[in-house]
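Novice: need a structure here:
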Amino acid sequence: MPATFVSVRPARTSDVDDIAAVQVASWRQRFGDLLPARILDGLVPREVADQWATSILLPATPAHRVLVAVEDDRVVGFTAIAPAQTPDAQASDGELIALEVDPAAQRRGHGSRLISAAVDHAREVPWSTMSAWHPLADEVRRGFLVSAGWGPDGAFRDLQAGIDPDDFVVREVRLVTVVGPEPHAS
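Specialist: Okay, here's the model as predicted:
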């Protein structure tokens, strides 16, 4: 049996359809019990792909990055990294804004490779910490991030899932990790 080639590399515009497919499949699996079906059924892969194309072609800053996990020649996961945008963020804070692995390719180390590559990028920027928001009810994601050295800092936020004011609200908690030297106090 031939060995499987796995890697993480910067995303290319030719990856956007695969990234969208991974995101839609992952969200439908991860959020199936958290969000109303109409929201998940409303995910349009082409629209998702267009958003990722913009992120790859026109990143908001040089620190923004989209990386993909590849198994043989197939994109099986991705992560997106950006400067942290919360009101309490410092210039030395980065954020893991996306981390998704195709449900069919999970438990093969792709998530760990993506986290490691994201932290490597954070150190190059350089950022001293990274944060990641995730739904409070997503215990699997929290367990994965905690096992990778992330921990809660007590922050939470409520996000409206949908455009209607009466739509479902998702409570998210923030996990953080130190990735570089602490910034010097002024």
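
Novice: Tell me which helix or strand comes right after the worst-scoring helix or strand of the chain on mean pLDDT.
Specialist: The helix or strand of the chain with the lowest confidence, counting by mean pLDDT, DSSP states H and E, is helix 37-41 at a mean of 82. Toward the C-terminal end, the helix or strand that comes next after helix 37-41 (DSSP states H and E) is helix 45-57.

Novice: Pull the residues that contact that following helix.
Specialist: 11-13, 15-17, 19-21, 23-24, 64, 66, 80 (Cβ atoms under 8 Å, 6 or more residues apart in numbering). All C-beta atoms are positioned from the backbone trio N, CA, C, and that covers glycine.

Novice: Going through those, which ones are buried?
Specialist: For the contacts of helix 45-57, a burial check counting by 16 or more other Cβ atoms under 10 Å picks out 11, 15, 16, 17, 19, 20, 23, 24, 64, 66, 80.

Novice: mind listing what the fifth one touches?
Specialist: For residue 19, the set of contacting residues under the criterion of Cβ under 8 Å, 6+ apart consists of 11, 48, 49, 52, 66, 68, 75, 78.

Novice: sec struct for it, please.
Specialist: Here residue 19 takes the helix state, with states given by DSSP: H, G, I helix; E, B strand; the rest coil.

Novice: Need phi/psi at residue 145.
Specialist: Comment: the main-chain dihedrals of residue 145 come out as phi -70, psi -40, following degrees, to the nearest 10.

Novice: I am finished for the moment; much appreciated.
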